[in-house]
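give me a model of this one.
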Amino acid sequence: MSLISRMLRWVRTGGWLFLLSLAPCAESSGPIGAWRTFALTPPIQGQSSQPEENARLKAYLRFIEGRQLRASGKLKEAIEAYQEVIRLDPLAAEPHVELGEIYFFHLSRREEAEAAAERAVRLAPQSLSAHLLLARLYLFDVYRGRNPEAAKIERAISAYEAVTQLDAHSAEAWAFLAELYQARNETARQIEALEKWLSAPPSTEPQFYRALTGNDLSPDQAFYQLSQAYWRQGKAPKAIEMARRACELEPESNLYARHLLSLLRAATTIEEELTTLEQLLKTVTSPTLQIGYGAALLRAGRYQEAVAALRAYLKQDPTNINALGLLAAAERRSNQRLAAVETLKEAIASSEANVRLRLMLDLAETYEELGYSDLSIAQYEEILEALLNKKRPQQSAELAANVVSRLVRSYRRDGYQQKIQPLLQRAQQLLGDNNPLFESLKIESLREQGERLKALEVARAAALRWPQEQSFKLTAAIVLGEMQRYQESIDLLRSLLKGMAEGAAADAYVYLVLSSIQMQGGQLQEAEASIRKALQLNPNDSNLLIQLSFVQDRAGQYQASEQTLRRLIEREPDNATALNNLGYFLLERGERLDEARALIERAVSIEPTNGSFLDSLGWAHYKLGRLEEARKYLEKAIRYERHNPTIYEHLGDVLRDLGRLQEARQLWEKALEFSVGTDETARLKDKLKKN
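Next comes the predicted model:
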């Protein structure tokens, strides 16, 4: 947590009183005062007059008594003792420090504490304890301010720098200086302070740091903060190394483990991530890292290894919901879906309410992937019923919208049209009448039925009704493209571009859609320019790279298209769309057909209900001369995508070669009805003319 965030937290939770309650006493096991060199010393025979010796001796004994009183919690008596010491020995600094600590740590008398600390510093400029108390007071002023003034930060920095001049090995001083430098955005000085903290011996008084920050004044915390600082500097390897060191020192910290996992995913290839985790797990036992390793294997497309690793972990912790969810995902992707069903049932039985519905959704999807439509629909309906019965259903609106969308598609696909209207009426109880989901479903239905003009009218009306929902304007642009009204679509999309840094991701998506529309209209150079603008705004977006490969393939840049997809697959081995598209492009070029089929089969294994992937697999079998296998997959593809012209065209080609020309023509006509690209439309018309 950042310095500013913690300051806000302390203000809101009464952190001052909590801090005071944790302050150690002078003679307690806590080290405040325990390490201190006394400013008062016993008198030495012959160096003073008898009255002075007696006064100093009395002061010294009274000082010791004051510490004992403070340790026993008799603060009033302790204050009186220290005040008497000051009267007996006006030049002594230490009683002022003791008084300041009582005022600050125990009585919340902030101004008196500062005055006492300042007097101590004047009396003994080299007093470490006085400077440390003053630094703590100034730091606390920074922490309790909602928007601390720069002057307060500067004052705290100066005070702690004075501490380091007297004690170059003060872990507390370097730790707080690191945070204060971070507040001034001085990353280089922050790193230097953190390195000094690491080289300091273990602190004998960690209570103040722990009370104020909630963290331990320990090397693992220093490594963690160093990792964050190096990451801000753009030094990923050093950031990862420091994060790894933090995990090694404190393997039970979920915070450190999650931080390391996030760095590895952001800054390394999947193979480098796996290698690092494999090495670390040889010496460190961390549940979070073990589960993270299983997740990395899953993303690497090493599904069987992921299954084995997660099952091994679950032997030690059989009810870990995260591990069970990942295991089910790995089983699904490795075509062990019946096992995934059992894993999900086990997870659902032991999960809390806030997680259970998400797992039930995974189970419904798994049933759907298995082709168990009735079980899938029943599971979706059970989730919706549970959402309707929740006390605060609006908190699950996103999940509800997802479930309703899936149910509508399932009802349409399986011929349960009569169930759709009652479903939407029930959904309105959950989502409210004024919810854009219902318009989105209506537009989707109209597009599936080929009623694009009506779909366009609904999208435009919805865009006026919900001006904050840019999705309706994007949908209108897509429908205009489907109607081959390309210039209108392009003009609308250009009007949606904001051209501001904070909207870069949104603009990148607009450019993605724009590139797709331009490609449909045969404007390949413009399509490539648009997608490259998108990549400048959001260079790591996989969907943008996939669109770039589309444009490159269409423009005849086959090698460039293949390289784009292979680089993406190297980075994301389980990217189903990239696997499918690479396989399909190879098929279309008539190259490496067996490799193409294997790539597509991997994509279908990941998403077995994706109509486009099933179409690709059917087409692979067609190219390999397996017409009946091709027909089976293509007919299944139409079940999931009823408005995809490519699937109808492919199935028509298969039926033509099977001697069923009349049925083939009907399918080509259907493909022409849904066709959106100029090249595609021309090809279908020519095919119908010749057959």
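
center of the chain, which residue is that?
The centroid of the chain falls nearest to residue 262 when counting by C-alpha atoms, centre = their mean (7.8 Å).

which SSE is immediately downstream of the helix or strand encompassing that residue?
Residue 262 is located in helix 254-267, with elements delineated by DSSP states H and E. Towards the C-terminus, the helix or strand next in line after helix 254-267, according to DSSP H and E, is helix 270-280.

give the rounded mean pLDDT of that following helix.
This predicted structure assigns helix 270-280 an average pLDDT of 95.

residues making contact with it?
Judged by C-beta atoms under 8 Å, 6 or more residues apart in numbering, the contacts made with helix 270-280 from elsewhere in the structure are 240, 244, 247-248, 264-265, 268, 289, 292-293, 296-297, 299-300, 571-573. All C-beta spots, glycine's among them, are computed from the backbone N, C-alpha and C.

any idea how far the closest residue to residue 417 other than its chain neighbours is from residue 423?
Nearest residue to residue 417, sequence neighbours excluded (C-beta to C-beta, 6 or more residues apart in numbering): residue 411, at 6.6 Å. According to C-beta to C-beta, to the nearest Å, residue 411 stands 7 Å off from residue 423.

list the contacts of the residue nearest to the centre of the chain.
Counting by C-beta under 8 Å, 6+ apart, residue 262 makes contact with nothing.

quick check: buried residues in whichever helix in the chain runs longest?
Scanning the chain for the helix with the most residues, using DSSP state H, yields helix 50-71. By neighbour count on 16 or more other C-beta atoms under 10 Å, the buried set for helix 50-71 is 53, 55-56, 59-60, 62-67, 69-71.

and stretch 461-470, by the same measure?
Neighbour-count burial for stretch 461-470, with 16+ other C-beta under 10 Å as criterion, is recorded at 462, 463.

send me it as PDB with only the CA atoms.
The C-alpha trace of stretch 461-470 is given here as PDB (Å, rounded to 0.1, in the frame of the first residue of the first chain):
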ATOM      1  CA  ALA A 461     -32.500   4.200 -30.600                       C
ATOM      2  CA  ALA A 462     -30.600   2.400 -27.800                       C
ATOM      3  CA  ALA A 463     -27.600   4.700 -28.400                       C
ATOM      4  CA  LEU A 464     -29.900   7.700 -27.900                       C
ATOM      5  CA  ARG A 465     -31.400   6.200 -24.800                       C
ATOM      6  CA  TRP A 466     -28.100   5.200 -23.200                       C
ATOM      7  CA  PRO A 467     -25.600   7.800 -24.500                       C
ATOM      8  CA  GLN A 468     -23.000   6.600 -22.000                       C
ATOM      9  CA  GLU A 469     -23.100   3.100 -23.600                       C
ATOM     10  CA  GLN A 470     -20.700   3.400 -26.600                       C
END
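
what sits up against that stretch?
Applying C-beta under 8 Å, 6+ apart, the external contacts of stretch 461-470 come out as 436, 439, 440, 443, 472, 473, 476, 496, 506.

one more pass at 6 Å, please.
Counting by C-beta atoms under 6 Å, 6 or more residues apart in numbering, stretch 461-470 makes contact with 436, 439, 472, 473, all of which sit outside it.

measure the residue nearest to the centre of the chain to residue 256 for me?
For residue 262, the distance to residue 256 equals 11 Å [C-beta to C-beta].

before we move on, what about residue 109?
Taking C-beta to C-beta as the measure, residue 109 falls 39 Å from residue 256.

pretty sure the residue nearest to residue 417 is touching residue 420, no?
Yes - in this structure, residue 411 is within contact of residue 420 by C-beta atoms under 6 Å, at 5.2 Å.

tell me the pLDDT of residue 143.
pLDDT for residue 143: 84.

just give the number of residues close to residue 269.
Residue 269 sits with 12 neighbouring residues when counted by other C-beta atoms under 10 Å.

burial of the nearest residue to it once chain neighbours are set aside, as a residue count?
Distances taken as C-beta to C-beta, 6+ apart place residue 571 nearest to residue 269, at 6.7 Å, with adjacent residues excluded. Using other C-beta under 10 Å, residue 571 has 15 neighbouring residues.

circling back: which elements pack onto the longest helix of the chain?
helix 75-88 (3 or more C-beta pairs under 6 Å, 6 or more residues apart in numbering; DSSP states H and E).

show the subsequent helix or strand relative to the helix or strand where residue 121 lies.
If you go by DSSP H and E, residue 121 is part of helix 110-123. Following helix 110-123 in sequence order, the next helix or strand is helix 128-144 (DSSP H and E).

tell me the helix or strand right after that following helix.
Once the chain leaves helix 128-144, the next helix or strand it forms, by DSSP H and E, is helix 150-166.

what residues of that next one count as buried?
For helix 150-166, a neighbour-count test (16+ other C-beta under 10 Å) marks 152, 153, 155, 156, 157, 159, 160, 162, 163, 164, 166 as buried.

how about stretch 166-176: buried residues?
Within stretch 166-176, the residues scored as buried using 16+ other C-beta under 10 Å are 166, 170, 171, 172, 173, 174, 175, 176.

can you check stretch 492-505 too?
For stretch 492-505, using 16+ other C-beta under 10 Å, the buried residues are 492, 493, 496.
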